[in-house]
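Q: give me a 3D structure for the following:
(chains A and B, ligands or ions: 2)
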Amino acid sequence: MKLPKEVMIAMSQYNLIIIGGGPAGMATAYSASQSGLNKILLIERLPKLGGILNQCIHEGFGLHYFKKELTGTEYSAKYSALLEGTSIEILTSSFVTGISDNNNVTYINSNGISTVSGRKIVLATGCRERTREMLTIPGTRPSGIYTAGLSQEMINIYGQLPGKRVVIVGSGDIGLIMARRLTLEGSAVIFLLEVRPTLAGLIRNKIQCLDDFNIPLLCNHELLEVYGKNRVSGIRYRDNTSHQEHYIDCDTLLFSVGLIPENDLLKATPSSICNGIRLIGNAEYVHGLVDEATKEAEKLGKEIAKELIL
Amino acid sequence: MKDIIIIGGGIIGTAIAQALCKYELDILLIEKECECSFGVSKSNSGIIHTGFQSKYGSLSATLAARGNQLYTDLSIDLDFPFRRIGELIVAHIDEKQQLEDLYKNGSLIGISEMKIVDREWLAIHEPNLSETISFALLGSTAGITNPYEACYAFFENAKANNVQFNLSETVENISQLNERWEIRTNMSTYQTNFVINCAGLFADKVSQLADIECETIFPRKGEELLLDRHVGELCKHIIFPLPKPNTKGILIIPTIDHTTMIGPTAEVIDDKEDLRTTTASKDHIINSIKDLGPVIDPATIITAFSGLRPATKLGDFYINEDRKGFINLIGIQSPGLTAAPAIGEFVTSIISKNIKLTIKKTYISKRKSIPKIRDMSVSAKNTLIKKDSDFGTIICRCEEVTKGEILEAIRRGAKTLDGIKFRTRCQMGRCHGSFCTMKIMDIMHEELGIPYNEITKRGHDSYVTI
Ligand SMILES: Cc1cc2nc3c(=O)[nH]c(=O)nc-3n(C[C@H](O)[C@H](O)[C@H](O)COP(=O)(O)OP(=O)(O)OC[C@H]3O[C@@H](n4cnc5c(N)ncnc54)[C@H](O)[C@@H]3O)c2cc1C
Ligand SMILES: Cc1cc2nc3c(=O)[nH]c(=O)nc-3n(C[C@H](O)[C@H](O)[C@H](O)COP(=O)(O)OP(=O)(O)OC[C@H]3O[C@@H](n4cnc5c(N)ncnc54)[C@H](O)[C@@H]3O)c2cc1C
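A: Ligands and ions are numbered 1, 2, ... in the order given. The predicted structure follows:
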């Protein structure tokens, strides 16, 4: 492929390019650098490193890695501090739009479009929440239907409340954590509906986030229809054990129905180079604990350094 | 005192405003929603039909065929997306006669570029269609557009030419005063020489406000399903079954964004605001598509929506100056989007019989769309970002929409999350806004100076946060 002139000028060569500056991306960069590798570039689309951790103000992070119970934001701050003083180049507010032949990584930021090339590329782009259930449930399509993660960003980053009477659909960890968070903020969490017979998230989170606040978890319960013209006004749901249908008033529906690794960048990447790209953290598979994502990423960083330095 | 008041800011009202804005006229358009295109015009199939499904001699056939022709130049002048991809009406072995009848109907209307194709042609050009389909009528002039972009292009061009738009204002009463009309809204009272009633589903109600009898509008619901981008385009042409008396049937529609949409259903309902989607409709659509060939995996459906066609018993458009200075447009259902520019011409010709029309010296005939970073060349992107660095900040990661595009949408009149979505595709991708909603709200908060909890999804009480 012939590149336009302005791209050629901006082109620089790296040993390792890491896409995504969450805990997995930071750890890959850090350990590769600690193992002696230079010319490492870490690209993050947001203004700050830390990924999803930056909206997690609850405790439960770092028990294994830092041997201390930290909040997500503390973990993020502690780990990004490690990067200071290393030779890792960090680009924030820069969004990777594609990976092409010759391991070229193209990104966009307020300076324009740039393309860099890396001997190794690591994808640490995290995961995203499933939304299909949220969009194809029968009924109206009013405001007030969000993923649990979006509601977390609303409250923890922007200080905004999604609603007053909340039903959570699904029992993933983010849903459990948000049930507690919303209750503490003064909203009423009516219950969680889980279509499967058992809890989807961690038992620890159920005890700390639901049981301690008397929030019911209704397993074997299915959401059937959403009501409300402009804003959610209620839902119809069914107890799949007794087959009874019920209606309840609410103004907000949060979905916590699973996470999917975000690796869409690979879909448009030529298959010849796809094989050489390594996935890590939630982009590889969804991790319950950040410590594990960090550990695996550090192992990968070390491996890559070893491979390239030889 | 206005020359003309247009009631309704859907595709029809904005197309009329756009057609009239080149003349020396004082025009006001009143729309009850907080943005244009929030009525019927926001949920349709985006097809610019050939016109041959409408019966020769009907007003809708004439106006659809003419509208179709006008889209080429309009989409260039006003810079909105339009592609003539052609349509196929498919038939089984024993149904060829019906295709020939449609062909004849099309010829009478004056539609060119039609031909009947056979199985061999279909096997090459549309391999995903069922082998039980033996023939098809190919209409090469059919196209697809993005209905909101078309509507906003008309709106912006009309606004640039000094048409006044009063949004979030509802017409509540209309009375005749000598040679004039007085229009009372929830905000103010206006006098005008001409009233153009293109209030879509509510056009019969608006006509009643003026004490003018008209056909009753019976909403006919159409539900559609949008498939994930990775499914791609199932077909190259728009695929139609043979039409039934009240509907064109369930179609396979390649969208302007290179995805596939399937639908719409057709169900007569009572409530003009009932936009619920149902499992039964979803199943019906999937089953009907199976008859055409493709088997749809329900897991690839990313969204379902429905729209209401403003249908009447007449089964045709009704456009007439029912009283002196009062033009009624009733029953502008499908192919209303197609016919819109021709309806603009038609209404202009009615007006010209009453008012002498002179072209404005200051008339601006062109409009540029909001730049789409994603579709630009590298050098064009760099030039734009150098001029305005906000075009280098990605807000919507799924559709790669930048802060610059969102700001531009707001500056052109977007006031709601849906208004931004319709103009930029931000929130339309696979995360459906879970990554970008707050970032968009942050931009709106800053640019419009409104608190977060006053930002709505689509006006009224559709608040996002409390
Ligand atoms: C609500 C919630 C609660 C959790 N609770 C706990 C807990 O209590 N304890 C615990 O140990 N773990 C917890 N976890 C898990 C832990 O947060 C994750 O395992 C960890 O954050 C995964 O890290 P990551 O780097 O893979 O992904 P992320 O943190 O998602 O980081 C990915 C990064 O990639 C960036 N990116 C994506 N695409 C691009 C692109 N194209 N260009 C540039 N950058 C891009 C993103 O902006 C992001 O910063 C929780 C997770 C969530 C969501
Ligand atoms: C499912 C479906 C699919 C379709 N597919 C196609 C297609 O592929 N091709 C095609 O050509 N056509 C199609 N159509 C038809 C097309 O969408 C309509 O004909 C067209 O949108 C009608 O536009 P309109 O401006 O008349 O109505 P609207 O968009 O509803 O505009 C009328 C406006 O008037 C306003 N209003 C009402 N009352 C008042 C009042 N009292 N005061 C102030 N304002 C008021 C409303 O708020 C509304 O915005 C489809 C329709 C449906 C439902």
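
Q: give me the number of residues near residue 104?
A: Here I'm looking at chain A. 19 (other CB atoms under 10 Å in any protein chain shown). To be clear about C-beta, it is placed using only N, CA and C from the backbone, and glycine gets the same treatment.

Q: you answered for a different chain; I wanted chain B.
A: B:K104: 12 surrounding residues under other CB under 10 Å.

Q: do A:G288 as well
A: For A:G288, which is what you asked about, the neighbour count (other CB under 10 Å) is 12.

Q: quick check, it in a helix?
A: No. Checked against DSSP: H, G, I helix; E, B strand; the rest coil, A:G288 lies outside a helix; its state is coil.

Q: what's the pLDDT at residue 271?
A: I'll assume chain A. What the model reports as pLDDT for A:S271 is 79.

Q: was after chain B, sorry
A: Taken from the predicted model, the pLDDT recorded for B:D271 is 92.

Q: swap in A:V7?
A: Predicted confidence (pLDDT) for A:V7: 43.

Q: check contacts around residue 292.
A: In the absence of a named chain, this looks at chain A. A:H64 (CB atoms under 8 Å, 6 or more residues apart in numbering or on different chains).

Q: hmm, no, I was thinking of chain B.
A: B:L292 sits next to B:90, B:129-130, B:133, B:239, B:241, B:252 when contact means CB under 8 Å, 6+ apart.

Q: one more: B:N186?
A: When contacts are taken as CB under 8 Å, 6+ apart, B:N186 is in contact with B:169-170, B:172.

Q: with secondary structure and distance to chain A as new columns, can those residues be given to me in TSV?
A: Supplementary listing: the contacts of B:N186 in TSV, determined by DSSP: H, G, I helix; E, B strand; the rest coil; distance: CB to the nearest CB, whole Å:
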residue	secondary structure	distance to chain A
B:E169	coil	18
B:T170	coil	16
B:E172	strand	20
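
Q: among those residues, which are in reach of ligand 2?
A: When the contacts of B:N186 are filtered against ligand 2 using CB under 6 Å from any ligand atom, the residues retained are B:T170.

Q: just the contacts of B:N186 now: which is nearest ligand 1?
A: Checking those against ligand 1 by CB to the nearest ligand atom gives B:E169 as the nearest, at 41.9 Å.

Q: isn't the closest one right next to B:M187, touching?
A: Yes. With contact defined as CB atoms under 8 Å, B:E169 counts as touching B:M187 (5.0 Å).

Q: looking at those two, which has the bigger crowd around it?
A: Summary of the neighbour comparison: B:E169 and B:M187, criterion other CB under 10 Å, with B:E169 having more neighbours (18 against 12).

Q: touching chain A at all, stretch B:140-153?
A: No. Stretch B:140-153 lies out of reach of chain A by CB under 8 Å from any CB of the partner chain, never closer than 15.9 Å.

Q: for the stretch 351-466 of chain B, what spans make up the helices?
A: Under the criterion DSSP state H, counting those that start in this stretch, the stretch 351-466 of chain B contains helices at B:378-387, B:403-411, B:417-424, B:437-448.

Q: do you know which of the ones you listed lies nearest ligand 1?
A: Comparing the helices of the stretch 351-466 of chain B by their distance to ligand 1 (CB to the nearest ligand atom), the top pick is helix B:437-448, with 11.4 Å.

Q: buried stuff in that closest one?
A: Using 16 or more other CB atoms under 10 Å in any protein chain shown as the burial criterion, the residues of helix B:437-448 that qualify are B:437-445.

Q: let me know the outermost residue of chain B.
A: Largest separation from the mean C-alpha position in chain B: B:N178, at 36.3 Å (CA atoms, centre = their mean).

Q: follow-up on the earlier one: which ones among the contacts of B:L292 map onto strands?
A: Counted as lying in strands by DSSP state E, out of those, are B:90, B:239, B:252.

Q: and of the residues you listed, the nearest to chain A?
A: Relative to chain A, the closest of the ones in strands among the contacts of B:L292 is B:I252; by CB to the nearest CB it sits at 18.8 Å.

Q: what is the neighbour count of the closest residue in space to that closest one that isn't next to it in sequence?
A: Spatial nearest neighbour of B:I252, excluding adjacent residues (CB to CB, 6 or more residues apart in numbering or on different chains): B:I239 at 4.1 Å. One way to gauge burial is a neighbour count; for B:I239, by other CB under 10 Å, it gives 27.

Q: how about B:I239, what does it touch?
A: With contacts defined as CB under 8 Å, 6+ apart, B:I239 is in contact with B:87-88, B:90, B:126, B:129, B:251-252, B:292.

Q: repeat for B:I410
A: Remark: with contacts taken as CB under 8 Å, 6+ apart, B:I410 is in contact with B:420, B:443-444, B:447-448.

Q: just to revisit the earlier point, which ones, among the ones in strands among the contacts of B:L292, also lie beside ligand 2?
A: For ligand 2, no contacts are drawn from those by CB under 6 Å from any ligand atom.

Q: low-confidence bits of the stretch 101-250 of chain A, can you list those?
A: Low-confidence regions of the stretch 101-250 of chain A, defined by pLDDT under 70, span residues A:134.

Q: residue of it closest to ligand 1, please.
A: A:G126 (2.2 Å).

Q: you'd agree that residue is up against A:G22?
A: Yes. A:G126 sits in contact with A:G22 when judged by CB under 8 Å, with a separation of 5.2 Å.

Q: what is in contact with the two at once?
A: When contacts are counted by CB under 8 Å, 6+ apart, A:G126 and A:G22 are jointly contacted by A:51-52, A:281-282.
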